[in-house]
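In: got a predicted structure plus its sequence, pasted below:
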2 protein chains.
Amino acid sequence: MRSALSEAERRDWLRLARTENVGPVTFDQLIRRFGTAGKALAALPDLARQGGRPIRLAADAAIDKELADGAAVGARLIASCEAAFPQALAALDPPPPLIWVRGRRELLDRPCVAIVGARVASAAGQRFARGLAAELGQAGCVVVSGLARGIDAAAHEGAMPTGTAAVLGGGVDDIYPPEHIGLYDRIAEGGCVVSESEPGRAAVARDFPRRNRIISGLSQAVVVVEAELRSGSLITARLAAEQGREVLAVPGSPLDPRAKGTNDLIRQGAALCEGAGDVLRALEGLRGFREPDRGGYDEAPATPDDALRRAVAALLSPTPVSRDEIVRATGAAAPAVFAALVGCRWPDVANCCRAAWWSQAERRNLGA
Amino acid sequence: MRSALSEAERRDWLRLARTENVGPVTFDQLIRRFGTAGKALAALPDLARQGGRPIRLAADAAIDKELADGAAVGARLIASCEAAFPQALAALDPPPPLIWVRGRRELLDRPCVAIVGARVASAAGQRFARGLAAELGQAGCVVVSGLARGIDAAAHEGAMPTGTAAVLGGGVDDIYPPEHIGLYDRIAEGGCVVSESEPGRAAVARDFPRRNRIISGLSQAVVVVEAELRSGSLITARLAAEQGREVLAVPGSPLDPRAKGTNDLIRQGAALCEGAGDVLRALEGLRGFREPDRGGYDEAPATPDDALRRAVAALLSPTPVSRDEIVRATGAAAPAVFAALVGCRWPDVANCCRAAWWSQAERRNLGA
């Protein structure tokens, strides 16, 4: 990680990222292969010709315009290799090459929690989201959401006094829905606005999956408040699981269609969220396993290999954990490692389920 | 298991069960030691004198009165060793020595599902319980509950056309709350009423834990619909878990205090219940693991020992499963058995958590 790129280097990063057919995966491969964006840009035309698919680099004029547009709205362009790039987002594989940030970028250095949910949300759901965001804010977290109607807006409102970040599908100056202009202005002023798109761009449908990936990517935990089945919030939850982030869902009555999605997440292994305490406990879990306390599970029979159990516990982290990886990392026999995952205290067993869920998500991801 | 006791033998069982300080555990030990209740009754005075705590056997007159009272209300006394005793209840360790049953005893031979919950229930909760009971009834289940206000009454009502059983804390003729006399009459007529107490006895507080144990003991699954924290329904759920029965809970909004108990159960490992489908799937799980289907988890890496996994799956049943028992039963090494429990498809992993939960419940039980 570089502390910062020069202006010229950052411009090269942007030009490479905006070149046709260069998505985050290709970008990452090119940087690994050529060392710098400048060298990749120089090599790319020949490389593409050899591959039989000539490439047109992004036009200099377009890059100049994007940089000028960003500067005009007071936004800052940050590359994923720079120290100012949010750490959790940089941990994605691959991260977005660059983001535009408007407002208080330093908020993204604090622990971030995403709160997302239905656009057409109930009053109770919005009240819950607002209260949850306020409590998380008071506990020192920054609340991330997508500026949408309903739950998103309520979450931003609740965390406004303590710090909130809005991630947009369009440019950092693309206010959607339009009636959220007041909300947007307050976030740009006291919070921060993040986007992967070029300033001035109006969001189109295909921008939202990328937007959702940044919402979860910035966050250590994602809380879904009210979601119908097959809704965008569930996609964010899935991305969060794939990224190894904590996923929490707020339960609701089976008679309420807006609880179908969240109840289903819980069924699939998401943690049940009834308030800020649940989220903070989940974040604590991420910071490493607590020392065994003297209550409850103390009388559990000793596991076949207690040292191995400790080693396995130490291997668990916010990064996605497949069981195979744990086995490889311990160097122990697979059955013994699995035993270490089960034959232990309750939080560990819960974690083992979560690992299985991640594993499922990973497979789905690889298959897609 | 005897097909049936003679009248005299059943009278001996009753007299032994009604003798002071003879609870189900002592009763069970005495029968194991002496072979019959008659021999236990004969030996008990000497045995107690030797132990320095003289005992007074239940008075013959009281036994005669109980038998006459039961006959007067058309109830039938069934001992736990008799074929007519409900099979699930007989599987308890120890079972209640005898129960009084009024109405259609044969209903208890069908798969039973308990639906319990708050006495002061919301209209939505009652509607859900009524609908769930009706659907379970149509699917061939008998719905068991406790004749209480709120969720209990709604569950009985919903299952009235298909078959419902009310378990009482007092005698089989003790109608509480009094306004449920109409409901009681319809259950006694078309369903059945069960009690461990002597007919004519009015329920007192300490009868309810025993009543709850029978509600869960009769049932393969217990569904909790609306429950505050520290409520009686959660005790029934705990008993069900200790008895190795499926526990399901209906989620609700964190803003609803009546969802606190059910959400907490889900957090502890109870299955999330949004309708009859969830209950029926849980019952299916009890009848043995389904063959692997061709979807979803198919790409899961092969487990270290697939034959062992199948063997372990086959060992799981409605009876409480501690991991140690599974290990002993397979004769395989503990780590391999634990691995078989984790390294497999999703339903199995969920089951592994449940096993851990039972195990926790068992320990609590032993400690109490």
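Out: It's in. Numbering: from 1, shown residues only, chains lettered A, B, ... in the order given.
In: quick one: secondary structure of residue A:224?
Out: At residue A:224 the chain is in strand, as set by DSSP: H, G, I helix; E, B strand; the rest coil.
In: what's the burial count for residue A:3?
Out: 8 (other CB atoms under 10 Å in any protein chain shown). For every residue, glycine as well, the C-beta is placed using N, CA and C.
In: just give the nearest non-adjacent residue to it, would you?
Out: Nearest non-adjacent residue to residue A:3, counting by CB to CB, 6 or more residues apart in numbering or on different chains: residue A:83, 4.8 Å away.
In: and that neighbour, how many neighbours?
Out: So residue A:83, with other CB under 10 Å, has 11 neighbours.
In: got the phi and psi for it?
Out: phi -60, psi -30 (degrees, to the nearest 10).
In: equivalent analysis for residue A:216, please.
Out: Taking degrees, to the nearest 10 as the convention, residue A:216 sits at phi -70, psi -30.
In: pLDDT score for it?
Out: Residue A:216 is assigned a pLDDT of 97 by the prediction.
In: for chain B, see how far away the nearest residue to it once chain neighbours are set aside is.
Out: Nearest residue to residue A:216, sequence neighbours excluded (CB to CB, 6+ apart): residue A:240, at 3.8 Å. Using CB to the nearest CB, to the nearest Å, residue A:240 is found at 19 Å from chain B.
In: same check, this time on residue A:88
Out: 26 Å.
In: repeat for residue A:252
Out: 5 Å.
In: if we can go back for a sec, helix or strand for the residue nearest to residue A:216, which one?
Out: According to DSSP states H and E, residue A:240 maps onto helix A:232-242.
In: packing partners for the helix or strand following that helix?
Out: Counting by DSSP H and E, the next helix or strand C-terminal to helix A:232-242 is strand A:246-249. The elements that strand A:246-249 packs onto, with contact taken as 3 or more CB pairs under 8 Å, 6 or more residues apart in numbering or on different chains; DSSP states H and E, are strand A:221-225, helix A:232-242, helix A:260-267, strand A:271-272, helix A:276-286.
In: quick one: strand A:246-249 to chain centroid distance?
Out: Averaging C-alpha positions (CA atoms, centre = their mean, to the nearest Å) puts strand A:246-249 12 Å from its chain's average.
In: list the neighbouring strands of that strand plus their orientation.
Out: Using DSSP bridges, the strands paired with strand A:246-249 are strand A:221-225 (parallel), strand A:271-272 (parallel).
In: distance of the closest residue to residue A:201 other than its chain neighbours from residue A:161?
Out: Leaving aside its sequence neighbours, residue A:201 sits nearest to residue A:171 (CB to CB, 6+ apart; 4.4 Å). Separation of residue A:171 from residue A:161 (CB to CB, to the nearest Å): 27 Å.
In: which one of the two has more residues nearby?
Out: The residue with more neighbours, out of residue A:171 and residue A:161, is residue A:171; 25 against 12, by other CB under 10 Å.
In: ranges for the helices of the stretch 51-200 of chain A?
Out: Secondary structure of the stretch 51-200 of chain A (DSSP state H, counting those that start in this stretch): helices at A:60-72, A:87-90, A:123-138, A:151-159, A:181-190.
In: for those, give me TSV that also has mean neighbour count.
Out: Supplementary listing: those in TSV, determined by neighbours: other CB atoms under 10 Å in any protein chain shown:
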stretch	mean neighbour count
helix A:60-72	15
helix A:87-90	18
helix A:123-138	21
helix A:151-159	27
helix A:181-190	16
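In: okay, these in TSV with distance to residue B:268 next?
Out: Converted to TSV, the helices of the stretch 51-200 of chain A look like this (distance: least, CB to CB, whole Å):
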stretch	distance to residue B:268
helix A:60-72	50
helix A:87-90	30
helix A:123-138	22
helix A:151-159	27
helix A:181-190	38
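In: looking at those, which is closest to residue B:214?
Out: Nearest of the helices of the stretch 51-200 of chain A to residue B:214, taken as CB to CB: helix A:123-138 at 37.7 Å.
In: how about the closest one, does it get close to chain B?
Out: Yes. Using CB under 8 Å from any CB of the partner chain, a contact is recorded between helix A:123-138 and chain B, made by A:124, A:127-128.
In: quick revisit: and the helix holding residue A:240, average pLDDT?
Out: Helix A:232-242 comes out at a mean pLDDT of 94.
In: report all helices and strands that it contacts.
Out: Of the remaining helices and strands, those touching helix A:232-242 by 3+ CB pairs under 8 Å, 6+ apart are strand A:112-117, helix A:207-218, strand A:221-225, strand A:246-249, helix A:260-267, helix A:346-367.
In: pick out the shakiest of those, pLDDT-wise.
Out: helix A:346-367 (a mean of 36).
In: got the residues of the stretch 101-250 of chain A near chain B?
Out: Residues of the stretch 101-250 of chain A lying near chain B (CB under 8 Å from any CB): A:124, A:127-128, A:250.
In: tell me the pLDDT of the residue in the stretch 1-150 of chain A positioned nearest to chain B.
Out: Scanning the stretch 1-150 of chain A for the residue nearest chain B gives residue A:124, at 5.5 Å (criterion: CB to the nearest CB). Predicted confidence (pLDDT) for residue A:124: 92.
In: and residue A:305, by the same measure?
Out: pLDDT, residue A:305: 61.
In: go on, the one 10 residues further on?
Out: Per-residue confidence (pLDDT) for residue A:315: 58.
In: could you do residue A:87 as well?
Out: In this prediction residue A:87 is given a pLDDT of 95.
In: contact partners for it?
Out: Listed by CB atoms under 8 Å, 6 or more residues apart in numbering or on different chains, the contact set of residue A:87 reads residue A:109.
In: circling back: can I get the helix holding residue A:240 in PDB, CA atoms only?
Out: Extracted C-alpha coordinates of helix A:232-242, given in PDB (Å, rounded to 0.1, in the frame of the first residue of the first chain):
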ATOM      1  CA  GLY A 232     -32.100  -5.500  -3.700                       C
ATOM      2  CA  SER A 233     -31.400  -5.600   0.000                       C
ATOM      3  CA  LEU A 234     -31.000  -9.300  -0.100                       C
ATOM      4  CA  ILE A 235     -28.500  -8.900  -2.900                       C
ATOM      5  CA  THR A 236     -26.500  -6.600  -0.600                       C
ATOM      6  CA  ALA A 237     -26.800  -9.200   2.100                       C
ATOM      7  CA  ARG A 238     -25.500 -11.800  -0.200                       C
ATOM      8  CA  LEU A 239     -22.600  -9.700  -1.300                       C
ATOM      9  CA  ALA A 240     -21.800  -9.000   2.400                       C
ATOM     10  CA  ALA A 241     -21.700 -12.700   3.100                       C
ATOM     11  CA  GLU A 242     -19.500 -13.300   0.100                       C
END
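In: tell me the angle that helix makes with strand A:221-225.
Out: 160 degrees (axes from the mean of the first three to the mean of the last three CA atoms, to 10 degrees).
In: figure out how far helix A:232-242 is from the centre of its chain.
Out: Using CA atoms, centre = their mean, the offset of helix A:232-242 from its chain centre is 9 Å.
In: okay, now the unreliable bits of chain A?
Out: Residues of chain A that meet the criterion pLDDT under 70 lie in A:1-2, A:287-307, A:310-326, A:328-331, A:339-368.
In: centroid residue for it?
Out: residue A:217 (1.7 Å; CA atoms, centre = their mean).
In: I figured that one hits residue A:89, correct?
Out: Yes. Residue A:217 lies in contact with residue A:89 (CB atoms under 8 Å); the separation is 4.5 Å.
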